[in-house]
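Student: next comes the sequence, and after it the predicted model I'd like to discuss.
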Amino acid sequence: ILKAGGAYVPLDPSYPTERLSYLLSDAGIEVLLTQNNLLSTLPSHSAQVVCVDTDGGVIESYSQDNLVTGVRAENLAYVIYTSGSTGQPKGVTIAQRNLVEHGMTMAAEYHLTVSDRVLQFAALSFDVALEEILPTWLSGATVVLRPPAMLTSVGEWVDFIDTHNLTVLNLPAAFWQEWIVDLSTSPQDLPSCLRLVIVGSEQVQWSRVALWQQYVPSHIELYNAYGVTEATITATVYKSDLANQEERTGIVPIGQPIANTQVYVLDRQMQPVP
């Protein structure tokens, strides 16, 4: 879709029918890209349906030459719906320029190279999935998709990292913190291939970082990433200094703005602080 110059709207098949119906209508969906086995779960709509699993013959009949789309930097890349403050989902529109800038910046921020293997952990309806996929491809690295069954135990999780030689993990803070608790109760050597773990989506406590230090080799870097959907996924990154053994309490900082990003710190009256 992106290569064709179009904007995509992710629809999670597990969403309630009412929510799917609202998203299809509100976003003005013209083409619905799906699989045949999901058609019965979709609400009524007027979009053209393309099933990637059963329409292969038709798709293959088209030219294989690169598309000339005329897409411009200001054109939309995607629309992702958040919960919204009014009860109705709110569509956030992100332009091509923002997505390209973010992808290039995060590839540099995470020092991605062709030898990296990055886990795609987030649901595709969540914008963090783009941070796992696009910077990886821009770096010539490999995206490894997450199978649902691998999360049944900490042992299987670690085995999955080892088997697929994963070098970078981008995890929700809640999952990362549960992993730390599991490691503290059932210590297990982490695969030597792992070099970077990024956590985000929720606040991170220094107490968890201290626990992480006890059970994880020091060569594995830990970053705390912060951002909002409206600002294109990640806006700031804090690189935890695991070598510093000084005891710290409270919440881990959200860090400093990534390249080409400005951060405004406001007081309770929404005025810039000194």
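Tutor: Right, received. Where do you want to start?

Student: which residue, other than its chain neighbours, is closest to the residue most central in space within the chain?
Tutor: Centrality entry for the chain: nearest residue to the mean C-alpha point is residue 128, 1.7 Å, by C-alpha atoms, centre = their mean. Spatial nearest neighbour of residue 128, excluding adjacent residues (C-beta to C-beta, 6 or more residues apart in numbering): residue 122 at 4.1 Å. For glycine as for every other residue, the C-beta is placed from the backbone atoms N, C-alpha and C.

Student: quick revisit: and the gap between the residue nearest to the centre of the chain and residue 39?
Tutor: If you measure residue 128 against residue 39 using C-beta to C-beta, to the nearest Å, the figure is 28 Å.

Student: for residue 76, same thing?
Tutor: 26 Å.

Student: looking at these two, which one has more neighbours?
Tutor: Between residue 76 and residue 39, residue 76 has the larger neighbour count (other C-beta atoms under 10 Å), namely 17 against 12.

Student: do you know how far the more buried one is from residue 1?
Tutor: 11 Å.

Student: identify the contacts common to the two.
Tutor: residue 7 (C-beta atoms under 8 Å, 6 or more residues apart in numbering).

Student: for stretch 175-193, buried residues please.
Tutor: Within stretch 175-193, the residues that count as buried by 16 or more other C-beta atoms under 10 Å are 175, 176, 177, 179, 180, 182, 183, 191.

Student: using pLDDT, spot the least trustworthy of these.
Tutor: Ranked by pLDDT, those bottom out at residue 183, which has 80.

Student: is the closest residue to residue 107 other than its chain neighbours in a helix, a strand, or coil?
Tutor: Nearest residue to residue 107, sequence neighbours excluded (C-beta to C-beta, 6+ apart): residue 135, at 4.0 Å. Put simply, residue 135 is helix when judged by DSSP: H, G, I helix; E, B strand; the rest coil.

Student: ok, residue 135 touching residue 111?
Tutor: No. Using C-beta atoms under 8 Å, residue 135 is not in contact with residue 111; the gap is 10.6 Å.

Student: good, we can wrap up now.
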